[in-house]
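>>> turn this into a structure:
(one chain, ligands or ions: 2)
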Amino acid sequence: MEEVQITAAQTEISENIQSILNGQTRNDVEFQRQESLKHLSCSDRQIGSCGKVDKRHNLSLQEFLDVYDGKWPVIVTDVMSAWPAINWTADFFKKEYGRSRVTMTTCANSERTGFSVPLEIFLDHLHLSTPKTWTYLQDELFLIQHPELRAHILQPIYTEEDFFQLLPASVRPWDCMLLWGTAHSRSSLHIDPYNWTGTNAVISGLKRWKLLPPGQDQLLSVRPGMRCGFPLECVKYNSDLDLFDSVQLGNLPEIKYVEVDQGPGEMLFIPPGWFHQAYNAVPTLAVSGQMMNSNNYQIVLEEMFKGGNFDRSALPKNIDLMAPKNVVKVVSAQIPQHVLEEGLRRTEEAIQQLHVPSQL
Ligand SMILES: O=C(O)CCC(=O)C(=O)O
Ligand SMILES: [Fe+2]
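Numbers count the residues shown, from 1 in each chain. Ligands and ions are numbered 1, 2, ... in the order given. Okay, the predicted model is just below:
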């Protein structure tokens, strides 16, 4: 792909938008990789030894957007103290929501199985785990279905520009996943759906991260042909590698990553294009979300087109003159009616599924 020099901000925006029409996003993975590498402090590019994730407080919105957003992960340490959710405890959840069903994954000797169980059953086993046998509650719907709890999570200034709100509600991704893991539980190694900017806020416990700057897909045995399964489809970028397995990691000496530990009250932002894997070192409660904003909307829209539910041929030719927000509005107006209907149907189905007391 052609390399483009950064010029005046206005030219850059115009070129980026034009690239949506061309099916060629200038802010592609290679561009991001180059940007990311500029943040490394040492010459040999050994990311594991010299790249780090800053922990910042009093970070201005401008500095967040200019220095980190879409380029390099950052942890902000002073946004969650005002969240009522920072006081959430297992006792509170067991007493108030113990009978609500949640979705979780159990891992026993590398075999992962999904279940739907009452929350109290999960909580009764929260302290029972080993490196090979663990449980991870990962539920996208629980907080959506309990708006009084969701209200305990506040929006920091960094996520206020939220273009996902411009999508029709029936295809808008759920934006508040409850993540509660036993010690040793872990996510897969993945890039987030639509290549969005991910957020992850730890309420209690300790989460350990491996975050990989873009451009290393060929080293990661990314599973081909996977789909997100959302009504507005997208390609899923997942690897079966477990970078928290020291044997597997030892066999991958070429992979470059940054590591960071995230504690209670700390919120992490993960840029598009970064494969990442999280490991809960102790029982850990967190919520994750996502952002589409002026810094990443071309990347996110590109993934929506790649999903194949709609194409760019009907976009107006003057799209390059439009503000980012209007581009998202114009693109989302192209989503076909049958996709919107499918979105409604799937939401209802997912909610019903939660009430079925069986293995998923
Ligand atoms: O905390 C975790 O397990 C990782 C969550 C994550 O990567 C995600 O929600 O996309
Ligand atoms: Fe993720």
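
>>> show me the helices in the stretch 251-360 of the chain, by range?
Taking DSSP state H, counting those that start in this stretch, the helices of the stretch 251-360 of the chain run over residues 297-307, 324-332, 337-354.

>>> now do the first one: which elements does it pack against?
With contacts taken as 3 or more Cβ pairs under 8 Å, 6 or more residues apart in numbering; DSSP states H and E, helix 297-307 sits against helix 9-22, helix 324-332. C-beta coordinates here come from the backbone N, C-alpha and C atoms, glycine included.

>>> what of the second one?
Applying 3+ Cβ pairs under 8 Å, 6+ apart, one finds that helix 324-332 makes contact with helix 9-22, helix 297-307.

>>> quick one: average pLDDT of that helix?
For helix 324-332, the mean per-residue pLDDT is 96.

>>> report the buried residues of it.
P324, V327, V328, V330, V331, S332 (16 or more other Cβ atoms under 10 Å).

>>> check the last one too.
Neighbour-count burial for helix 337-354, counted by 16+ other Cβ under 10 Å, picks out V339, L340, E342, G343, T347, L354.

>>> and for the first one?
For helix 297-307, burial by neighbour count (16+ other Cβ under 10 Å) applies to Y297, Q298, I299, V300, L301, E302, E303, M304, F305, G307.

>>> between the residues you listed, which is nearest E160?
Y297 (14.7 Å; Cβ to Cβ).

>>> so which residues of the stretch 151-300 of the chain form strands?
All strands of the stretch 151-300 of the chain, identified by DSSP state E, counting those that start in this stretch, fall at 177-181, 189-191, 197-204, 207-212, 237-239, 258-262, 267-270, 275-280, 284-291.

>>> which one of those lies nearest to ligand 2?
Nearest to ligand 2, of all the strands of the stretch 151-300 of the chain, is strand 197-204, at 4.7 Å by Cβ to the ion.

>>> give me the residues contacting that closest one.
69-70, 80, 83, 85-86, 88-89, 153, 159, 179, 192, 207, 262-272, 276, 278, 283-293, 295-296 (Cβ atoms under 8 Å, 6 or more residues apart in numbering).

>>> can you narrow those residues to ones near ligand 2?
Checking the contacts of strand 197-204 against ligand 2 by Cβ under 5 Å from the ion, the ones in range are D192.
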